[in-house]
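Trainee: Fold the following.
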Amino acid sequence: MNSLKEQKRIDIIEAATKVFRIYGFHKAKVEVIAKEAGIGKGTVYEYFDSKKDLFEQVIKYMAETYLDMAREAMDLAETVKEKLIAFAQHHGNFVSEHMDMAENVIPGPGFMSEEMKYQMIEMKQSIFLLIDEALEMGIETGELRPDLNKRIATFSILGAINHNYAFQVYFKSINPKDIDSRPIIDTVFNGLSNK
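Mentor: Numbers count the residues shown, from 1 in each chain. This next block holds a predicted model:
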């Protein structure tokens, strides 16, 4: 259970997420974030050093939420194939639901602190590790071949998922919740050759 202080911090982050989505980083006002969180402006600065610090914490919070939800989705599945389908559906839905943050809010190159850049790299590595663990499980259970190059397989899976969702959402205007991830994972699993 979160302490009251931690819950207040999360409330501010969630309020900031809404405000940054509407106004973007540069036009968002701390006063509006505070109002959305139901607190005074000064309280925001008790938890965050600056608007930029708050923005970086919003990004970090979203990334952590993404990872937690991905783990939960994958943990509910039994086989590696089911885990990857669950991951793909989670990834597509989450990214699509939060795409406006990336498109409208990210202030541009050079904005994030070096520390935040390293944290984002660590988050990406955590995503790779989730896929790697599922692939390792598949190798151990015999669902996948023992000589599988997990690094290449991970890149292939993530790339296929990203491009499939981007194409269907942005070019075909399909709701991410209506996209079936099975064909992508089937293609990865079955390969391209006619054996």
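Trainee: got any ranges where the protein has weak pLDDT?
Mentor: 1-2, 100-110, 193, 195 (pLDDT under 70).
Trainee: Give me the residue at the spatial middle of this protein.
Mentor: The residue lying closest to the centre of the chain (CA atoms, centre = their mean) is residue 66, at 4.0 Å.
Trainee: correct me, but that residue touches residue 94?
Mentor: Yes. Proximity of residue 66 to residue 94 meets the contact threshold set by CB atoms under 8 Å, at 5.3 Å. Where you see a C-beta, it was placed from the backbone N, CA and C, and this is true even at glycine.
Trainee: Could I get the contacting residues of residue 178?
Mentor: Neighbour list for residue 178: empty [criterion: CB atoms under 8 Å, 6 or more residues apart in numbering].
Trainee: again with residue 136
Mentor: residue 150.
Trainee: Go ahead and list the helix or strand containing it.
Mentor: Here residue 136, judged by DSSP states H and E, is contained in helix 114-141.
Trainee: Pull out the buried positions in whatever helix or strand comes next after that helix.
Mentor: Following helix 114-141 in sequence order, the next helix or strand is helix 150-166 (DSSP H and E). By neighbour count on 16 or more other CB atoms under 10 Å, the buried set for helix 150-166 is 150, 153-154, 157-158, 160-161, 164-165.
Trainee: and if you look at stretch 23-32?
Mentor: Buried residues in stretch 23-32 (16+ other CB under 10 Å): 24-25, 28, 30, 32.
Trainee: Check stretch 132-141 too.
Mentor: Result for stretch 132-141 [16+ other CB under 10 Å]: buried residues 134-135, 137-138.
Trainee: what separates that stretch from the chain centre, distance-wise?
Mentor: From the chain centre to the centre of stretch 132-141 is a distance of 22 Å (CA atoms, centre = their mean, to the nearest Å).
Trainee: Likewise for stretch 3-18?
Mentor: That offset, for stretch 3-18, works out to 19 Å (CA atoms, centre = their mean).
Trainee: Just the CA atoms of that stretch, as PDB, please.
Mentor: Extracted in PDB, the C-alpha atoms of stretch 3-18 (Å, rounded to 0.1, in the frame of the first residue of the first chain):
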ATOM      1  CA  SER A   3       2.000   5.900   1.900                       C
ATOM      2  CA  LEU A   4       0.000   9.200   1.800                       C
ATOM      3  CA  LYS A   5       3.100  11.000   0.600                       C
ATOM      4  CA  GLU A   6       3.700   8.500  -2.200                       C
ATOM      5  CA  GLN A   7       0.000   8.600  -3.200                       C
ATOM      6  CA  LYS A   8       0.100  12.400  -3.400                       C
ATOM      7  CA  ARG A   9       3.100  12.200  -5.600                       C
ATOM      8  CA  ILE A  10       1.300   9.700  -7.900                       C
ATOM      9  CA  ASP A  11      -1.800  12.000  -7.900                       C
ATOM     10  CA  ILE A  12       0.400  14.900  -9.100                       C
ATOM     11  CA  ILE A  13       2.000  12.700 -11.800                       C
ATOM     12  CA  GLU A  14      -1.400  11.500 -13.100                       C
ATOM     13  CA  ALA A  15      -2.700  15.100 -13.100                       C
ATOM     14  CA  ALA A  16       0.400  16.300 -14.900                       C
ATOM     15  CA  THR A  17       0.000  13.500 -17.500                       C
ATOM     16  CA  LYS A  18      -3.500  14.900 -18.300                       C
END
